[in-house]
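In: With the sequence up front, the predicted model follows.
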Amino acid sequence: MQIIKKTGLEAVRKARELGAGKVLELLDRKGLVGRGGASFPTAKKWKFALETKSDEKFVICNADEGEPGAFKDKFILQNNPETLIEGILVASYIISAKRAFIYLRGEYEYLKGNLEKVIKKVVKDSKSDVSIEVVVGAGSYVCGEETAIIRSIEGFRGQPYFKPPFPPVQGLWGKPTVINNVETLAAAAQALVFDDWNPSLRLFSVSGCVENAGVFELPLGVRLSALLKLAKPKGKVKALLFGCFGGSMPYKDIELTPENICGEDCLHGSCSVIVVDDSHSMVGLSYVIAKFFAYESCGKCTPCREGTVRVMYLMKKLKDMKASKEDLVLLEELAHHIKDTSLCGLGQSSTNHIITGLKHFREDFEDRIL
Amino acid sequence: MKIKLDNKEIECDANKTLLHICKDNSINIPTLCYQESLKPDARCRVCLVELNGKLVTSCSTFPVEGCSVITKSDRVVKARKMNVELIMAGHVQTCSIDKYAHNLCGMLEEIGLQGIRFDPIRDYEQDLGSAVVREDNKCINCGRCVRTCGEIQEVFAIDFASRGFNEHVAPYCEHNLADVACIKCGQCILHCPVGAIHEREHLFEVLKVLKDKRKKVIVQAAPSIRATLGEEFGMPAGSLVTGKMVAALRKCGFYKVFDVNLGADMTIMEEASEFLRRVGKGGPFPMITTCCPGWILMMEHFYPEMIKKNNMSTCKSPHEMLGMLTKTYYAQKESLNPEDIVVVSVMPCTAKKFESTRPELESGVDYVLTTRECAKLIRHFNIDFANLADEDFDSALGVSSGAGAVFGASGGVMEAALRTAYEFGTGKGVTKLEFDQIRGLEGIKSGSIIINGKEIKFACAHGGANIRKLLKDKDKYHFIEFMACPGGCIGGGGQPPHFTRETLLKRAEAIYKADAIMPLRKSHENPVVKKIYSEFLDKPGSEKAEKLLHTYYQKRSEF
């Protein structure tokens, strides 16, 4: 596996040797893009922060992996924290930040001790003057959103804030801040060091109705059947969910690229795949996801705060076979409304499972109507 | 910058948000969580417009070169309607607030909302504070109160708690508002678009006592009421309605109508004397005014070290002084039993409601009505306020000077005190009565004056955030005036809702006009004040005055 190859302080050394400009050029050439879901070119993000003048800059590593069905960041934190820390040091060096944070998901608190030990060692061995602090979240899903992370680290309520200004221009305490996903930062260190570094390799978290759930490293564009062969589905695969927010699609042996997934109205997000076999109804599944989002909505904006709970009630009605035709119409209207008008990305994608579910598995929903 | 607004090419300011650009082009966009004096938060999602085919909140979005903004498409209308429907479903269905003061119910027609397809789910208890009452069942989570408390007042008494549909506004650790470090300024009330926060009403108690034949119910009106009460009856901001106010109150059945401006004159007499005593002794400085009960609470909660350092003046606030004098001096003079007298203050303030319950004051004031409650009372008696003939205050405790009038605006207490202190100190009158350097709406104002060869530096601040700022270098000054509400009492938490600087400026103008038209403009020239001292109190700072007109303070929790 590429992602667990250790860079052994080589990345920091090379970054210092090349200087900011050449490192950004190299990362750009190697095609490093963000692995958190948006696939934004990493070099471009760092460049924004580099070019913004400020007395203080920050780097934040987003380790708030709260998405159900995603566990690749945990895999890196457990198996290759050294390279991740190096990635953070490289990013700090490039934008000349003196303080960096790892925003760790509340449920991953047990990783904190080991992580701090590694930080101490890597920072000392690389003779870096950057201080890296591990901040443990309080278990809120929305704190995976970058502006919410900023608010949370600042000590406020972890709620997202509207953009622009974007964090690389105005982030933590109003200063330019680079926020990258765990996988991105580790990959950045590796991209600098290894000549044969492959930009298309991704970590797929596969779970659901499979015997061999886990993290698989495969290139983007791999056939779905190849991925499923590794994961060993238990029954006949009916549908796939790309995390809770990515939406669902009926099983088709497509090549897994962001474009192909988008073609099915889904979001590939952070490459998490939940396998659903034909023993499950999409309605029951949607209800569970709706419950999750109603519980995890931060409560800031109207459509998400009021909408997700209404969606949950409607889904419950549908699940219990108490819903009318009008309820289904309202559900669909609400789903599109929440997607259209919510403040942050998490709110906007909170009804993808219903929109795609209604598109691909409409009969599952309509069967439940009174 | 050139943009397309509703398919019409227009020139616009790139530093303005879409909301303001639309406003400049006479397009009205409904808003709930947005307010000019607060930073945009983009919570309510009602001000949606289409920017290049994407729905965005106009309150927080800036234009980009050549962009196309659509404000009236079906998509926009539908999205706004749905958000208002979702909000209304959470808002209590039996709401009965006046439409004009209530942004949400006022906007339903404009939005075109007909029915609500969701059942109500909220069920919160009323938080009955001593001055401010919160009703979470009416709350729509717009966060205006939270931002007001944090950004403008820097008190942070309330914030959001819980998440998702359980998110609600709550004081520290879900305590009641009465039990946390809240200064009861009532600014949150002014900013609430749905009436989910309001004052603890004393209206019913007052109506009850007005019917009681054995009681002599005496009303006293604060300096700023005459500059704002007219707004409640549809008059433009800055209408001075002193005579109509007195006539209306008399029509409501009050036995006497007294003027708190007289109390203000008394405060000045005591405060100016106290200040000169300090000048003579060389301290302790700065001396800080104590007319504002919101500021006193702020000091007790957050800056209790000032009590030990004796920075605070010991004077009671004007209406407390007058209430006390009514029940002692006036009762004695008219041979009334003080127990038969009920004093009702009409105040621009919610913190005064709390103040009148302080045990250490042994307050002479029984009930406090806000300007809004006073208007409700007048409407209750079906009085045609606008067409009333002017009447005068009852002369026993109703003669005042212009110095008392300016108490209503920020910087006024200082100005009035300086007029008297200068003359007491030097024996000469000030050459110019208007202290321009401490007038206006600047957050922090300062100046200096020479009294007997000594330079006295003074400053004033209004609004909690400005107070905190000025307190950082308080030691530079000798005399400081603090007002908890932006603009002073004219912007008080009990006033009619006002959202623009212009309204405040107009009200201040009216206050200064009330001063300028007075034949007497210095507190110590007021004949009634002279009479009170000669007949009753002896002189400022006498033992009797200390007992009746001065008070002490206590440390309170920071949380």
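Out: That came through, no problem.
In: From B:Arg277, how far out is B:Met284?
Out: No Met there; residue B:284 is Pro. 11 Å (CB to CB, to the nearest Å). Bear in mind the C-beta positions are built from the backbone N, C-alpha and C, glycine included.
In: By proximity to chain B, which residue of the stretch 151-300 of chain A wins?
Out: Nearest residue of the stretch 151-300 of chain A to chain B: A:Gly299, at 2.8 Å (CB to the nearest CB).
In: Touching stretch A:282-297 from outside, list them.
Out: Contacts to stretch A:282-297, defined as CB atoms under 8 Å, 6 or more residues apart in numbering or on different chains, come from residues A:66, A:68, A:140-142, A:239, A:241, A:244, A:248, A:276, A:304-305, A:308-309, A:311-312, A:315-316, A:318-319, A:346-347, A:350-351, A:353-354, A:357, A:361, A:364-365, A:368, B:163-165.
In: Among those, which are located in strands?
Out: Taking DSSP state E, the ones among those that sit in strands are A:239, A:241, A:248, A:276.
In: Name the SS class of the nearest residue to B:Gly186 once chain neighbours are set aside, please.
Out: Excluding the flanking residues, the one nearest B:Gly186 by CB to CB, 6 or more residues apart in numbering or on different chains is B:Gly493, at 2.0 Å. Secondary structure, DSSP: H, G, I helix; E, B strand; the rest coil: B:Gly493 is coil.
In: Helix or strand with the lowest mean pLDDT in the chain?
Out: Picked chain A for this. In chain A, the helix or strand scored least confidently by mean pLDDT, DSSP states H and E is helix A:258-263, which has a mean of 77.
In: my question was about chain B
Out: Going by mean pLDDT, DSSP H and E, chain B bottoms out at helix B:103-111, a mean of 80.
In: For that helix, output the C-alpha coordinates as PDB.
Out: The C-alpha coordinates for helix B:103-111 follow below in PDB (Å, rounded to 0.1, in the frame of the first residue of the first chain):
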ATOM      1  CA  ASN B 103     -41.200  40.900  11.400                       C
ATOM      2  CA  LEU B 104     -42.200  37.300  10.900                       C
ATOM      3  CA  CYS B 105     -46.000  37.600  11.000                       C
ATOM      4  CA  GLY B 106     -45.700  40.900   9.100                       C
ATOM      5  CA  MET B 107     -43.900  39.200   6.300                       C
ATOM      6  CA  LEU B 108     -46.400  36.400   5.700                       C
ATOM      7  CA  GLU B 109     -48.500  38.400   3.300                       C
ATOM      8  CA  GLU B 110     -45.400  39.400   1.300                       C
ATOM      9  CA  ILE B 111     -44.100  35.900   1.200                       C
END
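In: for the chain, which spans come out with low pLDDT?
Out: Reading this off chain A. Within chain A, not a single segment meets pLDDT under 70.
In: oops, I was thinking of chain B
Out: Scanning chain B for pLDDT under 70 picks out the ranges B:93-101.
In: which bits of it sit near chain A?
Out: Residues of chain B that fall close to chain A, judged by CB under 8 Å from any CB of the partner chain: B:40, B:42-46, B:48, B:55, B:57, B:60-62, B:75, B:78-79, B:82-83, B:86-87, B:89-90, B:117-118, B:121, B:141, B:159-160, B:162-167.
In: Helices - which of those land there?
Out: Judged by DSSP state H, those include B:75, B:78-79, B:82-83, B:86-87, B:89-90 as members of helices.
In: related to what we said a few turns ago, point out the other helices and strands that the least confident helix or strand of chain B packs with.
Out: helix B:74-90 (3 or more CB pairs under 8 Å, 6 or more residues apart in numbering or on different chains; DSSP states H and E).
In: list the helices and strands the helix it packs on packs on?
Out: Judged by 3+ CB pairs under 8 Å, 6+ apart, helix B:74-90 is in contact with helix A:302-319, helix A:325-341, strand B:48-51, strand B:54-57, helix B:103-111.
In: Most tightly packed of the ones you listed?
Out: Highest mean neighbour count of the helices and strands packed on helix B:74-90: helix A:302-319, a mean of 25 (counted as mean count of other CB atoms under 10 Å in any protein chain shown).
In: quick one: that one near chain B?
Out: Yes - contact between helix A:302-319 and chain B is present through A:302-303, A:305-310 (criterion: CB under 8 Å from any CB).
In: and the angle for that helix with helix A:325-341?
Out: Calculated by axes from the mean of the first three to the mean of the last three CA atoms, to 10 degrees, helix A:302-319 forms an angle of 150 degrees with helix A:325-341.
In: chain center to helix A:302-319, what's the gap?
Out: Computed by CA atoms, centre = their mean, to the nearest Å, the separation of helix A:302-319 from the middle of its chain amounts to 24 Å.
In: my read: the residue nearest to B:Gly186 touches B:Gln187, true?
Out: Yes - the criterion here is CB atoms under 8 Å, and B:Gly493 meets it with B:Gln187 at 5.3 Å.
In: which one of those two has more residues nearby?
Out: Remark: of B:Gly493 and B:Gln187, B:Gly493 carries more neighbours, 33 against 29, as counted by other CB atoms under 10 Å in any protein chain shown.
In: Nearest residue to whichever residue of the stretch 51-200 of chain B sits closest to chain A in space, please, no chain neighbours.
Out: Ranking the residues of the stretch 51-200 of chain B by distance to chain A (CB to the nearest CB) places B:Glu167 first, at 2.8 Å. In this structure, B:Glu167 finds its nearest non-sequential neighbour in A:Gly299, 2.8 Å apart by CB to CB, 6+ apart.
In: Assumed B:Ile449 was part of a strand.
Out: Yes - with three-state DSSP as the criterion, B:Ile449 is located in a strand.
In: And for it, the neighbour number?
Out: Count around B:Ile449 with other CB under 10 Å applied: 18.
In: Likewise for B:Gln114?
Out: Neighbour count of B:Gln114, defined by other CB under 10 Å: 8.
In: ok, now the one 10 residues further on?
Out: Close neighbours of B:Tyr124, defined as other CB under 10 Å, add up to 16.
In: Next up, the contacts around it.
Out: With contact taken as CB under 8 Å, 6+ apart, B:Tyr124 is in contact with B:135-137, B:139, B:168.
In: host element of it?
Out: Counting by DSSP states H and E, no helix or strand carries B:Tyr124.
In: Next up, phi/psi of the residue of the stretch 201-350 of chain B found nearest chain A, please.
Out: Scanning the stretch 201-350 of chain B for proximity to chain A using CB to the nearest CB identifies B:Phe302 as nearest, at 18.5 Å. Here is the backbone geometry of B:Phe302 (degrees, to the nearest 10): phi -110, psi -20.
In: likewise the one 4 residues further on?
Out: B:Met306 has phi and psi values of phi -70, psi -20 when expressed as degrees, to the nearest 10.
In: Near chain B, which residues of the stretch 201-350 of chain A? Just list them.
Out: A:294-303, A:305-310, A:330, A:333-334, A:337, A:340-343.
In: Not counting residues beside it along the chain, what's closest to A:Val33?
Out: Spatial nearest neighbour of A:Val33, excluding adjacent residues (CB to CB, 6+ apart): A:Ser39 at 4.5 Å.
In: Just to be sure, that neighbour is in a helix?
Out: No - counting by three-state DSSP, A:Ser39 falls outside a helix, being coil.
In: ok, how many other residues are close to it?
Out: The tally of other residues near A:Ser39 (other CB under 10 Å) stands at 14.
In: Go ahead and confirm it touches A:Ile261.
Out: No - applying CB under 8 Å, one finds A:Ser39 not in contact with A:Ile261, separated by 11.5 Å.
In: Give me the neighbour count for residue 242.
Out: Using chain A here. A total of 28 residues lie near A:Phe242 under the criterion other CB under 10 Å.
In: right idea, wrong chain: chain B
Out: If you count neighbours by other CB under 10 Å, B:Thr242 ends up with 22.
In: who are the neighbours in contact with the closest residue to it other than its chain neighbours?
Out: Spatial nearest neighbour of B:Thr242, chain neighbours left out: B:Arg226 (4.2 Å); criterion: CB to CB, 6+ apart. Listed by CB under 8 Å, 6+ apart, the contact partners of B:Arg226 are B:240-242, B:245, B:510, B:514.
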